[in-house]
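**Student:** Below are the sequence and a predicted model for it; my questions follow.
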Amino acid sequence: MPFAKFAGYPSCFCLAIAFALSACTTVEKPSRASDSGKAAATQPARTAAYSGRQGAAKPTPFADEEESRTVYFASSDATIDSQGAEVLRQNALKLKEDTQLVVVLVGHTDNLGSSAYNLAVADRRTEAVSERLRSLGVARSQIRRLPVGSEQSSKLKCDSEACRRSMRRVELIYERR
């Protein structure tokens, strides 16, 4: 029975490796200063575009063009405005022309409201963006949703409306299959 004593170690090892790798999948980068001229330290950190597997032949769309893969929302709202609709139209074209692309919709909220409320708002926003992409012909298998709410933004000092407006967004992060 000595083997039974160590039977749980392979699964623990795999879990530890998976955890370590998942911690490496996102990179925080500083954002630009707000319209009010405050320092970048008061702005929410943005998630850098994931460029696919290491050594991938094709780059992902809009990798360095954050505004081309971000849809902004009004406070407590999940309605896509005309500017957001244009962003989604451009992204839908890229997704339809390259079926190996998968887009992760990362939903954020400002730092006002409870965590549960903000998570629900982020979920409604990612659902709205997902539905719009689907209506533009993007395959369901190319869309993943990740509502994070104010999980990241609640740690940031953000007192201005311009700063909060930049937090209320859905980012489109690309991966390759």
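**Tutor:** The structure has been received and is ready for your questions.
**Student:** Which parts of this protein are helices?
**Tutor:** 2-5, 9-22, 82-97, 115-135, 161-167 (DSSP state H).
**Student:** For the protein, name the helix or strand with the lowest mean pLDDT.
**Tutor:** None of the helices or strands of the chain scores lower by mean pLDDT, DSSP states H and E than strand 28-29, at a mean of 36.
**Student:** got a pLDDT number for the residue lying closest to residue 103 once chain neighbours are set aside?
**Tutor:** Among residues not flanking residue 103 along the chain, residue 172 sits closest, at 5.0 Å (CB to CB, 6 or more residues apart in numbering). For glycine as for every other residue, the C-beta is placed from the backbone atoms N, C-alpha and C. For residue 172, the model assigns a pLDDT of 97.
**Student:** Beta-bridge partners for residue 172, please?
**Tutor:** Beta bridges link residue 172 to residue 105, judged by DSSP bridges.
**Student:** ranking the helices of the chain by mean pLDDT, which is last?
**Tutor:** Taking the mean pLDDT of the helices of the chain, helix 9-22 comes last: a mean of 42.
**Student:** Verify the contact between residue 128 and residue 79 for me.
**Tutor:** Yes - Residue 128 lies in contact with residue 79 (CB atoms under 8 Å); the separation is 7.3 Å.
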